[in-house]
Structures are given as structure tokens and as C-alpha cells.
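Asker: what's the 3D shape of this:
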Amino acid sequence: QVQLVESGGGLVQAGDSLRLSCAASGRTFSSYAMGWFRQAPGKEREFVGSIAWSGSTYYPDSVKGRFTISRDNAKNTVFLQMNSLKPEDTAVYYCAASTKAYSGSYSSEYNYWGQGTQVTVSS
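Answerer: Just a heads-up that it's a prediction; the model follows:
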């Protein structure tokens, strides 16, 4: 069983930066692919990016160049650095873990989820 706890959300202004953290329990964290998703009110959950066990990353066009995912396997933590934030980035952000080494953009690929952290970007 893996438990994920996100932190770092908050209220920021457009153009600001924010870094989210996701702390994971479990001894096999380094072998998991990790993903970030977000869900705005009234909208479906949206893929934000993923990082494989190797450190390779994958982003959708909506955040590419603004968001960066990294991981610190020694601390069982994955990060989501968000720059140049826009009001449309407002959502609850979720961290997810996959028991596979590589995972993509589908929620069904992930086995464990955090409780989410709210990010609000004001204009």
C-alpha cells in the first residue's frame, strides 16, 4: 500500500510560481512512475504530467514549458514546479503513483492517489 500526501497549494496571482510536493510512503517509491493531475470545478480530471522511475518526463501541451516534474527518490518525494501560472490553472491538484516504471496520461494507469491540494490563481 502506498500513501500519498500533497502539499504546497495556495492562492497566487497570475504570473506567479508555485511548487507542489507529494510525499510517498513505501520502500519501492523509486520504481514507481508518478503523475500529476488536476480537476477544476465542473470539469473532468486532467493530466498535468508524469515522471518515470528513470526521471524521464511527459507533459501535455497545455503545461509544457511552464510546469516541471522532478523527483527525489531518497526522500520519497515528487515535485511539480509551476511557473507563469494562469487563472485557468486553478484546480485541485492530485499526485498519483503507478506500480509500472512508465505511465502516461490516463487516470486508470495509476494505482494510488493523494487527497489533493487546492491551487487558486487570481487574475
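
Asker: going forward, measure contacts between C-alpha atoms and count neighbours the same way
Answerer: Fine.

Asker: could you give the bridge partners of the residue positioned nearest the centre of the chain?
Answerer: Of all residues in the chain, the one closest to the mean position by CA atoms, centre = their mean is W36, 2.5 Å from it. Beta-bridge pairing for W36 (DSSP bridges): G49, C95.

Asker: wait, doesn't it sit right on T57?
Answerer: No. Using CA atoms under 8 Å, W36 makes no contact with T57, being 11.2 Å away.

Asker: pretty sure F79 contacts C22?
Answerer: Yes. When contacts are counted by CA under 8 Å, F79 is listed as touching C22 (6.3 Å).

Asker: excluding chain neighbours, what is closest to M82?
Answerer: Leaving aside its sequence neighbours, M82 sits nearest to F67 (CA to CA, 6 or more residues apart in numbering; 4.5 Å).

Asker: against F79, how distant is that neighbour?
Answerer: Distance, F67 to F79, by CA to CA, to the nearest Å: 10 Å.

Asker: before we move on, what about S62?
Answerer: 18 Å.

Asker: between the two, which one's more packed in?
Answerer: F79 (23 against 11; other CA atoms under 10 Å).

Asker: please identify the buried residues of the helix or strand hosting that one?
Answerer: Following DSSP states H and E, one finds F79 within strand 77-82. Under the neighbour-count criterion of 16 or more other CA atoms under 10 Å, strand 77-82 has 77-80, 82 buried.
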